[in-house]
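Visitor: Here is my input, please return the structure:
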Amino acid sequence: MTVELGYYTLSVLDLDRAAAFYGALFGWEFKREHETYLHVTNVDVPMGFTSDGPSSQPNLYYRVSDVDATAEQVRKLGGDTGEVFDSASGRGCTCTDDQGTLISLWQPAPGF
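Guide: Numbers count the residues shown, from 1 in each chain. Below is the predicted model of the structure:
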């Protein structure tokens with residue numbers, strides 16, 4: 001099984017300002033998924049913006065075929081996981097490896 005980057009998010013304070021800035025800078029187009037999330041619609045690697053404050057690093061989601069099974073494997077290997085969550089783009093879960101490094105898992109919904 002090859003696992004690659006499947007999705008990423010950038011954290012910002014204001015989604016509308018981010019849309020104006022990055023839309024003008026890169027020509028990105030957006031779809032508001034809900035009040036705290038904007039999905040970028042015209043990029044090859046799926047991405048979006050969350051409004052949980054600025055961060056110096058993107059949140060990387062590794063594409064997996066079964067997020068529940070992969071989260072269980074993380075725990076078996078000595079890592080830790082947050083709750084599995086559902087969104088319009090699929091199922092996800094934040095994890096830490098056995099050294100405390102943060103990663104996220106993403107199981108795409110149909111069409112993503």
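
Visitor: neighbours around the spatially closest residue to residue 96 that is not a sequence neighbour, how many?
Guide: The shortest distance from residue 96 to any non-neighbouring residue, by C-beta to C-beta, 6 or more residues apart in numbering, is to residue 80 (4.9 Å). Every C-beta, even on glycine, is put in place using the N, C-alpha and C of the backbone. For residue 80, the tally of surrounding residues (other C-beta atoms under 10 Å) stands at 13.

Visitor: wouldn't residue 80 be in contact with residue 99 here?
Guide: No - the pair residue 80 and residue 99 does not pass the contact test of C-beta atoms under 8 Å, sitting 11.1 Å apart.

Visitor: Just the C-alphas of the lengthiest helix in the chain, formatted as CSV.
Guide: Using DSSP state H to define each element, the chain has its longest helix at helix 15-26. What follows is helix 15-26, C-alpha atoms only, in CSV (Å, rounded to 0.1, in the frame of the first residue of the first chain):
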residue,chain,number,x,y,z
LEU,A,15,-11.6,32.8,6.0
ASP,A,16,-12.9,35.7,3.9
ARG,A,17,-9.6,37.5,4.1
ALA,A,18,-7.7,34.3,3.2
ALA,A,19,-10.0,33.8,0.2
ALA,A,20,-9.4,37.4,-1.0
PHE,A,21,-5.6,37.1,-0.5
TYR,A,22,-5.0,33.6,-1.9
GLY,A,23,-7.6,34.1,-4.6
ALA,A,24,-5.8,37.2,-5.9
LEU,A,25,-2.3,35.7,-5.4
PHE,A,26,-2.8,32.2,-6.9
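
Visitor: Contacts for it, please.
Guide: 10, 12, 28, 29, 30, 32, 36, 37, 38, 40, 49, 51 (C-beta atoms under 8 Å, 6 or more residues apart in numbering).

Visitor: Can you list the buried residues in that helix?
Guide: 15, 18, 19, 22 (16 or more other C-beta atoms under 10 Å).

Visitor: That'll do, ta.
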